[in-house]
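Novice: below are the sequence and a predicted model; questions follow.
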Amino acid sequence: MPTEERKQLIKRIETKLNVKILALVTGDRQGMETRIAPDILSLISEHLAFIKPTKHLALFLYTAGGDTIAGWGLVNLLRQYCNKISVLVPFRALSCGTLIALGANSIVMGKHGLLSPVDPSVSSPFNPPIPGGQPGTLSLLPVSVEDMIGFLDLARKEIRLKTEESMTSVLNILAQKVHPLALGAVYRAREQSRSLAKRLMF
């Protein structure tokens, strides 16, 4: 869609909702993925300075996720420039995007709008390498919080392992595949995302 046509659509939505709109779109094309990260805050701050403080601000949001702390920071940054925040979700606002939506006063979703669990993927030097990665390069596999919890729940709820000894064996298998420090980071991210979600909702 040409830039001018996009601007006209944004103006029409602003008029319809009687709000100022800030658009945040991250890419999800294979090999060109982008995510919400802390460096986005300075860019958003520049746009907000141009928009100036307003009673009602709408965030047009399309994202596959990102850093939960950056999402928390973004909501707090928006709050400095307006009294009311609406998040517009035409298609998907996943994980960190859902966290941002939870911090809004209202969420407006299209018929294809989609939210998700707040499921941060932890990246650290201790993550396992991606199987079949490019020769000569070391690419690390992000560890999903929900995937790790799902593995443990599989053992506990589906396979019905009950004894402490059997669950210790399952944890040992997991620790052989994923470095213990990466597992610790996953647990910390899970607790952090839960805490941030509760604080944003209230």
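Specialist: That came in fine, so what should we check first?
Novice: drop to CA atoms for contacts and neighbour counts, all remaining ones
Specialist: Will do.
Novice: correct me if wrong: Pro120 contacts Ser95.
Specialist: Yes. Judged on C-alpha atoms under 8 Å, Pro120 makes contact with Ser95 at a distance of 6.5 Å.
Novice: so what sits against both of the two?
Specialist: 65-66 (C-alpha atoms under 8 Å, 6 or more residues apart in numbering).
Novice: where exactly do the helices run in this protein?
Specialist: Along the chain, the segments classed as helices by DSSP state H run 3-17, 40-51, 68-79, 96-102, 145-153, 164-177, 180-201.
Novice: buried ones in the third one?
Specialist: When burial is assessed from 16 or more other C-alpha atoms under 10 Å, helix 68-79 yields the following buried residues: 68-75, 77-79.
Novice: now it: mean pLDDT?
Specialist: Regarding helix 68-79, the rounded mean pLDDT is 94.
Novice: what angle do that helix and helix 40-51 make?
Specialist: Using axes from the mean of the first three to the mean of the last three C-alpha atoms, to 10 degrees, the direction of helix 68-79 lies 10 degrees away from that of helix 40-51.
Novice: contacts for helix 68-79, please.
Specialist: Outside helix 68-79, the residues that reach it (C-alpha under 8 Å, 6+ apart) are 36-38, 40-41, 45, 48, 85, 96-97, 99-100, 103-104, 120, 193, 196, 200.
Novice: just name the shakiest helix or strand of the chain by mean pLDDT.
Specialist: Sorted by mean pLDDT, DSSP states H and E, the helices and strands of the chain end with strand 121-122, the least confident at a mean of 72.
Novice: list of residues touching that one?
Specialist: In contact with strand 121-122 (C-alpha under 8 Å, 6+ apart) are residues 66, 142-145, 182, 185-186, 189.
Novice: which of these lies closest to Val89?
Specialist: Set against Val89, the nearest of the contacts of strand 121-122 by C-alpha to C-alpha is Gly66 (16.2 Å).
Novice: OK, contacts around that closest one?
Specialist: 35-37, 95-97, 120-121.
Novice: from those residues, which is closest to Phe60?
Specialist: Looking across the contacts of Gly66 and measuring by C-alpha to C-alpha, the closest to Phe60 is Gly97, at 10.7 Å.
Novice: just give the nearest non-adjacent residue to the closest one, would you?
Specialist: The shortest distance from Gly97 to any residue other than its chain neighbours is 5.5 Å, reached at Gly65 (C-alpha to C-alpha, 6 or more residues apart in numbering).
Novice: ok, that neighbour touching Ile100?
Specialist: No. With contact defined as C-alpha under 8 Å, Gly65 does not count as touching Ile100 (9.9 Å).
Novice: how far away is the residue minimising distance to the centre of the chain from Leu183?
Specialist: By C-alpha atoms, centre = their mean, the chain has its centre lying nearest to Cys96, at 1.7 Å. Per C-alpha to C-alpha, to the nearest Å, Cys96 is found 20 Å from Leu183.
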